[in-house]
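> Need coordinates for the below:
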Amino acid sequence: MYKRVLLKISGEALSGNGDGRSIGPSALTFISEEIKKACRPEIQLAIVIGGGNIWRGAKDGHGMIDRVTSDNMGMLATIINAMALQSALEHKGVHTRVQTSIEISRLAEPFIRRRAIRHLEKGRVVIFAGGTGNPYFTTDSAAALRAAEIGADVIFKATQVDGVYTGDPKLDKKARMIKNITYMDAIRKGLKFMDTSALTLCMENHLPILVFNLHTQNNIKKAVGGETVGTLIK
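Numbers count the residues shown, from 1 in each chain. Have a look, this model is predicted:
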């Protein structure tokens, strides 16, 4: 069983619809319920959330918005998602704090490492928003960075599939799921479950990554309890 966990959730997971945009009430309810199930007195849980359901950085800029501005817009999108998730969790009785890498003091606390750790020690779920606070970095990199900073035991990357596959299971019928793989093998094989810079940061800090399906009921709870779900990268 892990003691301190960082859960990475994509922004698209909040949409609950086919196009992966906006925030869907049913998806938000499901995710908050799954997180609540995983909350235990002996577990400290932090979350990094993406913003792709609202703004996908350079992709949504279509060349009309420069990369830095577009990435900054994406970081603001993660703050919107964090506020939505916070409200849904607190509606279910889970005490939370949102900390942002971009100063926006009327809405959330700034990210302060020692304060974040203190919140975790007091049993609060801490949601890290705003990515790394810098353009050109994904929220995967933010998850790896925050996990290293708070001394997390593991990163849970909750995705749309059951784990890491040899290919895209939606396109390649022969793609098979991998139960365990090393960081270097994942990098060499070009597996796309996490960007290379984030994966390298995890490797340098000996942070294992567990990839599993967010939409399977009780998966977060099982993973927190040390049960075998998804793919383990270490």
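> Now find how far off-centre stretch 28-38 is within its chain.
14 Å (C-alpha atoms, centre = their mean, to the nearest Å).
> ah, wrong one, I meant stretch 14-33
15 Å.
> list the buried ones in the worst-scoring helix or strand of the chain on mean pLDDT?
None of the helices or strands of the chain scores lower by mean pLDDT, DSSP states H and E than helix 58-61, at a mean of 76. Buried residues in helix 58-61, counting neighbours by 16 or more other C-beta atoms under 10 Å, are found at 58, 61. Where you see a C-beta, it was placed from the backbone N, CA and C, and this is true even at glycine.
> cool, stretch 110-121 as well?
111, 116-117, 119-120.
> just stretch 119-136 next, same as before
Those would be 119-120, 124-133, 135, for stretch 119-136 by 16+ other C-beta under 10 Å.
> pLDDT (mean, whole number) over that stretch?
On average, the pLDDT along stretch 119-136 is 97.
> do the same with stretch 220-229
pLDDT averaged over stretch 220-229 gives 92.
> now the end-to-end length of that stretch.
One end of stretch 220-229 to the other measures 9 Å (C-alpha to C-alpha, to the nearest Å).
> same deal with stretch 98-107?
9 Å.
> next one: stretch 160-167
End-to-end distance for stretch 160-167: 14 Å, by C-alpha to C-alpha.
> Quick one: mean pLDDT over it.
89.
> can you list contacts of that stretch?
Residues from elsewhere that reach stretch 160-167 (C-beta atoms under 8 Å, 6 or more residues apart in numbering): 10, 12-13, 169, 172, 174-179, 181, 186, 189, 191, 193, 211-216, 229-231, 233.
> C-alpha coordinates for the least confident helix or strand of the chain, PDB please?
Provided in PDB are the C-alpha atoms of helix 58-61 (Å, rounded to 0.1, in the frame of the first residue of the first chain):
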ATOM      1  CA  ALA A  58      -0.800  24.900 -29.700                       C
ATOM      2  CA  LYS A  59      -3.200  22.500 -31.300                       C
ATOM      3  CA  ASP A  60      -6.200  24.800 -30.700                       C
ATOM      4  CA  GLY A  61      -4.200  27.900 -31.600                       C
END
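> Pull the number of nearby residues for residue 70.
20 (other C-beta atoms under 10 Å).
> check contacts around it.
Going by C-beta under 8 Å, 6+ apart, the list of residues near residue 70 reads 55, 57-58, 60-61.
> Ends of stretch 99-107, what's the gap?
Span of stretch 99-107 from end to end, C-alpha to C-alpha: 9 Å.
> what's the longest helix in the protein?
Counting residues, the longest helix in the chain under DSSP state H turns out to be helix 67-91.
> Next, the buried residues of that helix.
70-86, 88-89.
> and that helix, average pLDDT?
96.
> what angle separates whatever helix or strand comes next after that helix from helix 67-91?
Helices and strands here follow DSSP states H and E; after helix 67-91, the next one along the chain is strand 96-100. Computed with axes from the mean of the first three to the mean of the last three C-alpha atoms, to 10 degrees, the direction of strand 96-100 lies at 170 degrees from that of helix 67-91.
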